[in-house]
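Trainee: here is the input, now give the coordinates:
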Amino acid sequence: MPDIDKEFTGSIPEFYDTYLVPLIFNSYANDLAERVVDLAPASVLEVAAGSGVVPRALAPKLPSSVRYVVTDLNQPMLDHAKKNQPTPNTIEWQQADALNLPFEDASFDTIICQFGVMFYPDRIKGYREAHRVLKPGGTLIFSVWDHIRENKFAEIATKAAAEIFPDNPPLFLARTPHGHHDADTISNELKQGGFIDIAFETKADISQAPSPRHPAIAYCQGTPLRNEIEKRDAAKLQTVTDRAAKMIEAQYGAGSVEAKIQALIFTAKTQS
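Mentor: Next up, the predicted model:
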């Protein structure tokens, strides 16, 4: 995975949280929060928390006695998440690399990660680190996006970028967020990470937006697809965004729009 795929810097966190989070993340965050609450953990670690959509959903549902540590590799994203977290809360915020967690062995009952493991340079190492800091009988819960063809607005944004840059199409969305969806591969990697009782479910949902331009901005300017576009020609960022908006409008209409999104939710356990 190119380093550029991990660069959530500059104005990306703000666009990400304003446009992309309500478009595709909120419903899955609420689902993940309910799964955690059902486990009744005494301690929770979140890795790759991004702009903080899961903490906003989960923290209000946890008893104040629960230790909840929220981490991300990118300090700008973590700063944005902390700034936008409702108060009061008892969250511990810490910059951390999921492949080298700064925590003692057997520190947490539950580890969660919403749409983050796709960005790991070495997923097996990341799973081994999660296994290390989980207590015996602990639970790992994480989500990954399904193939880009099952996530329609992302697919259209990728096609729009390819039309503007046909000789060198920006493929961030297909390559990274939507590039790690094979359940057998993920299950095998979890086994190599030491996990047992591995299970997953496919969860489809509907992505809704007030206009075709909203998802176009979300994907073209609120993700590292923006970095890829600007690396090729910064002056064409708006051109790609406009093209994506027109393509979405052609397929879904000029008013409010909705399209399919789909993810895989995995759970895995450590040995009791």
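
Trainee: average pLDDT for the top helix by length along the chain?
Mentor: The residue-count maximum for a helix in the chain (DSSP state H) belongs to helix 237-252. Averaging pLDDT along helix 237-252 yields 98.

Trainee: show me what the next helix or strand after that helix is packed up against.
Mentor: Going down the chain from helix 237-252, the next helix or strand is strand 257-269, by DSSP states H and E. If contacts are counted by 3 or more CB pairs under 8 Å, 6 or more residues apart in numbering; DSSP states H and E, strand 257-269 sits against helix 26-39, strand 134-145, helix 152-164, helix 183-192, strand 196-209, helix 213-221, helix 237-252. In this view, the C-beta of every residue, glycine as well, is placed from N, C-alpha and C.

Trainee: buried stuff in the longest helix of the chain?
Mentor: By neighbour count with 16 or more other CB atoms under 10 Å, helix 237-252 contains the buried residues 237, 239-245, 247-249, 252.

Trainee: over to stretch 75-86?
Mentor: For stretch 75-86, burial by neighbour count (16+ other CB under 10 Å) applies to 76-82, 85.

Trainee: CA atoms only for that stretch, dumped as CSV, please.
Mentor: Taking Å, rounded to 0.1, in the frame of the first residue of the first chain, the C-alpha atoms of stretch 75-86 are listed here in CSV:
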residue,chain,number,x,y,z
GLN,A,75,-2.5,12.8,15.0
PRO,A,76,-4.6,15.3,12.9
MET,A,77,-7.5,12.8,12.8
LEU,A,78,-7.2,12.1,16.5
ASP,A,79,-7.1,15.8,17.3
HIS,A,80,-10.3,16.3,15.2
ALA,A,81,-12.0,13.3,16.9
LYS,A,82,-11.1,14.7,20.4
LYS,A,83,-12.3,18.2,19.5
ASN,A,84,-15.7,16.9,18.3
GLN,A,85,-16.4,14.4,21.1
PRO,A,86,-19.3,15.5,23.3
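
Trainee: give me the residues contacting that stretch.
Mentor: 8-9, 13-14, 16-17, 49-52, 55-56, 59-60, 70-72, 91, 93-95 (CB atoms under 8 Å, 6 or more residues apart in numbering).
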